[in-house]
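K.L.:
Sequence first, then the predicted structure:
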Amino acid sequence: MTPPSPARRSVLGIARPQWSDAWDGLKSIAPLMPGSVLFGLAFGALIRVAGIDPWVGSYASVSVVAGASQIAIVEAIRSNAPAVIAVLTALVINARFALYSAALAPVFAAFPTRWKLGLAHLMTDQAAVVALLHADRYPDPVRRRWFILGGALPFVVVWAMGSVAGIVLGPVIPDAWQIGFIVPLMFLAVLVPGLHDAPAVVTVAVSTLVVVLAKDLPWGLNVLAGALIAIVVGSYVPTRDRDDAAAGGVPDDGLAHDAEAGE
């Protein structure tokens, strides 16, 4: 008679396979973490320059978890912009999360509600892209959610730690360092791998061009202008599927069909 195999040991109540999947998620997002630290430093230093309560800035990093819009709001406050400008700019910048939600809905569909809500709060640009790129590798929803958690949670922790460090070190960071440069670089690192169609390429190009050319607008309005103009222009750029449909062709839905199997 074969003796029963010993149960797999767990750590902190979490089975080893789940730790392994979380570790894989961490490794997938790790190359972007140094940028997250610098991004946090830039935000934290800006908090001190704008004269905002350090506790408020620290809390924002873990409650809002939206670095670009946080920086936009603080810049607006620092330049004495009307509150409506600051809020509107943040809303437009964060509108991208609606697109992330639509894209991630099938990935999260089989997760329990508590996991959906928890992971949704942790979804940064980087975590969303990593989750989408690797979703097919984890058809099991349990393994998939631990993979996503392993990437998303440490990334937010690193971002928050960078923000606190920036708040503490803000007065001693030389202006010559110009650590704010990491903001556009972070977005390029995230967006470039996902630029698969013409509208995406045009949207990124137009937004970048408008932000640079309109840099002298008051109250940080160049960011708002870049986002709005890019959205409008990108919506008019035809996709390949749209072109195929116009030509009478049938766009590929990405699914394999076997005629002999009656599909």
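P.N.:
Nice, I can see it. In this text the structure is predicted, and so the values were computed from the model without any measurement. Residues are numbered from 1 along each chain as shown.

K.L.:
confidence score at Leu221?
P.N.:
Here, the pLDDT recorded for Leu221 equals 69.

K.L.:
now the one 3 residues further on
P.N.:
On pLDDT, Leu224 comes in at 69.

K.L.:
Over to Phe155?
P.N.:
We have a pLDDT of 94 for Phe155.

K.L.:
Poorly predicted segments of the stretch 51-200 of the chain, please.
P.N.:
Scanning the stretch 51-200 of the chain with the threshold set as pLDDT under 70 gives 171-197, 199-200.

K.L.:
So which residues of this structure form strands?
P.N.:
10-11, 14-15 (DSSP state E).

K.L.:
ranking these by mean pLDDT, which is last?
P.N.:
Within the strands of the chain, confidence is poorest for strand 10-11, with a mean of 68 (mean pLDDT).

K.L.:
Skip the chain neighbours and tell me the closest residue to Ala50.
P.N.:
Arg78 (4.1 Å; Cβ to Cβ, 6 or more residues apart in numbering). Just so you know, the C-beta spots here come from the backbone N, C-alpha and C atoms, and that holds for glycine as well.

K.L.:
residues touching the one you found, list them.
P.N.:
Residues in contact with Arg78 (Cβ atoms under 8 Å, 6 or more residues apart in numbering) are Leu46, Val49, Ala50.

K.L.:
Now restrict these to buried residues only.
P.N.:
Buried subset of the contacts of Arg78 (neighbour count, 16 or more other Cβ atoms under 10 Å): Leu46.

K.L.:
Helices - which of the contacts of Arg78 land there?
P.N.:
Counted as lying in helices by DSSP state H, out of those, are Leu46, Val49, Ala50.

K.L.:
for the first one, what are its contacts?
P.N.:
Pointing back at Leu46 there. Ile71, Val74, Glu75, Arg78, Gly166, Gly170, Gly180.

K.L.:
Count the neighbours of the residue nearest to Val206 when sequence neighbours are not counted for me.
P.N.:
Spatial nearest neighbour of Val206, excluding adjacent residues (Cβ to Cβ, 6+ apart): Ala230 at 4.3 Å. When counting by other Cβ atoms under 10 Å, one arrives at 20 neighbours for Ala230.
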